[in-house]
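Engineer: Here is my input, please return the structure:
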Amino acid sequence: GECWAQHDASDYRGAVSETAMGVPCLNWLSHNASEAAAFAAAGLGDHNRCRHPYGFACAWCHTLPDPRRRGRTWDCCDIGQPDRYGCAETVTVPARYLPRLRREGAPAEEAAARARPGGAGGESVSRGPHRPAGV
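Structural biologist: Numbers count the residues shown, from 1 in each chain. Sure thing, here's the model as predicted:
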């Protein structure tokens, strides 16, 4: 999955660059430079990736007019579901917490989220959508 957590996809900064119907997205900056500048903080810029800059019901992008959509020049993108942990991050779980957390059957990412970072010894654990296999 792609890295985002907000239910409305306002924090989506992934790489999907076509609509849910498979129509290629247009470059935000080339299509409408003033819109791209006004919503730069929302991830608009010199790229053609889907974004959610302002209040639509979905992450979307500009497209060429498409007769299948009655000439509409934008459409929603299929970016999947938000990741429960948001973006992947690596935390160090102190060695003293690992046996207890694993005994409780917590998956590594939940163990990492519940343990306090730091301390002597420990194990780096990635949580989120990009965790290493076997962790």
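Engineer: Straight-line length of stretch 19-39, end to end?
Structural biologist: With Cα to Cα, to the nearest Å applied, stretch 19-39 spans 20 Å between its terminal residues.
Engineer: Please enumerate residues in contact with it?
Structural biologist: With Cβ atoms under 8 Å, 6 or more residues apart in numbering as the test, stretch 19-39 has contacts from 17-18, 44-51, 53-54, 60-64, 66, 68-69, 75-78. For the C-beta atoms, the positions are set from N, CA and C on the backbone; glycine is no exception.
Engineer: May I ask which helix or strand of the protein has the lowest mean pLDDT?
Structural biologist: strand 123-127 (a mean of 42; mean pLDDT, DSSP states H and E).
Engineer: Setting aside sequence neighbours, what's the nearest residue to A42?
Structural biologist: P53 (3.9 Å; Cβ to Cβ, 6 or more residues apart in numbering).
Engineer: wouldn't the one you found be in contact with L44 here?
Structural biologist: Yes. If you go by Cβ atoms under 8 Å, P53 and L44 touch, sitting 5.6 Å apart.
Engineer: Between those two, which is the more surrounded one?
Structural biologist: Neighbours were counted for P53 and for L44 using other Cβ atoms under 10 Å; L44 has more, 22 against 18.
Engineer: where does that one fall, phi/psi-wise?
Structural biologist: Here is the backbone geometry of L44 (degrees, to the nearest 10): phi -80, psi 150.
Engineer: contacting residues around it?
Structural biologist: 28-29, 35-36, 51, 53.
Engineer: count of neighbours near G22?
Structural biologist: If we define neighbours as other Cβ under 10 Å, then G22 has 8 of them.
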